[in-house]
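Q: need a 3D model of the following:
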Amino acid sequence: ISGFGRSGPLRDKPSFDLVTQDRSGVMSITGEPDGPPTKMGLPMGDLGGGLWAAIAILAALHHRNQTGEGQHIDISLLEGLVGLLGYLAQLAMLTGESPGRVGSSHHSVVPYGRFEVADGYLVVALHVGNFWRRFCHAINRPDLIEDERFRTTADRRKNRDILVPIVEEIL
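A: Purely as a prediction, here's the structure:
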């Protein structure tokens, strides 16, 4: 396991969690929308490399058991963390731009995130199945279900700036 892999222009450069989080783009998507790039609370740059290394070792052992041949494993912290970006990496690659920071919200699911309530905070995550419909009934606002601005996930995402304040006020 190295910071940047055994080949390439950065192969001899040292790295560690913070550098990996920065170079992978993770910091550009972590934090509040109007805030600076932020390090994740977990050392995912380091943990990601270890996770992928464990998987690679298991795959190499399986290969050895099947063929009797050994394997060479080359894991970089940077590639490990980029591999954990999931759909956010796809967005960046397709658009050429960082998806940006959304705090505890979600890039495509609304409402989703941390909401302040009278005695602290409540987390709401309404991204699958009937969660939106059930939420509207639970908050005694069934009218929101049929509101054209909020009918579908895409509608709620498009009208985030309208919907989030409504949910905040109710909660």
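Q: now do the helix or strand containing residue 54, average pLDDT.
A: Using DSSP states H and E, residue 54 sits within helix 44-67. Helix 44-67 carries an average pLDDT of 96.
Q: after it, which helix or strand is next?
A: helix 77-83.
Q: helices along the protein, start to end?
A: 17-24, 44-67, 77-83, 87-95, 131-138, 143-146, 153-158, 160-170 (DSSP state H).
Q: could you dump stretch 88-104 to PDB, C-alpha only?
A: Provided in PDB are the C-alpha atoms of stretch 88-104 (Å, rounded to 0.1, in the frame of the first residue of the first chain):
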ATOM      1  CA  LEU A  88     -20.300  11.400  -6.700                       C
ATOM      2  CA  ALA A  89     -17.200  10.400  -8.800                       C
ATOM      3  CA  GLN A  90     -19.600   9.600 -11.700                       C
ATOM      4  CA  LEU A  91     -21.100  13.000 -11.400                       C
ATOM      5  CA  ALA A  92     -17.700  14.600 -11.500                       C
ATOM      6  CA  MET A  93     -16.500  12.600 -14.400                       C
ATOM      7  CA  LEU A  94     -19.700  13.200 -16.400                       C
ATOM      8  CA  THR A  95     -19.900  16.900 -15.800                       C
ATOM      9  CA  GLY A  96     -16.200  17.800 -15.300                       C
ATOM     10  CA  GLU A  97     -17.200  19.600 -12.100                       C
ATOM     11  CA  SER A  98     -17.300  18.800  -8.400                       C
ATOM     12  CA  PRO A  99     -20.800  17.900  -7.200                       C
ATOM     13  CA  GLY A 100     -20.100  20.400  -4.400                       C
ATOM     14  CA  ARG A 101     -20.800  20.400  -0.700                       C
ATOM     15  CA  VAL A 102     -24.300  19.800   0.600                       C
ATOM     16  CA  GLY A 103     -23.700  19.400   4.400                       C
ATOM     17  CA  SER A 104     -25.700  16.600   5.800                       C
END
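Q: may I see the buried residues of that stretch?
A: 88, 89, 91, 92, 99, 101, 102 (16 or more other C-beta atoms under 10 Å). Yep, even glycine has a C-beta here, placed from its N, CA and C like the rest.
Q: what's that stretch in contact with?
A: 25, 28-33, 35, 37-38, 82, 85, 107, 113-114, 123 (C-beta atoms under 8 Å, 6 or more residues apart in numbering).
Q: same thing but at 6 Å, please
A: With contact meaning C-beta atoms under 6 Å, 6 or more residues apart in numbering, stretch 88-104 is reached by 28, 29, 31, 32, 33, 107, 113, 114.
Q: which among the residues you listed end up buried?
A: 28, 29, 31, 113.
Q: just these: which are in strands?
A: residue 113 (DSSP state E).
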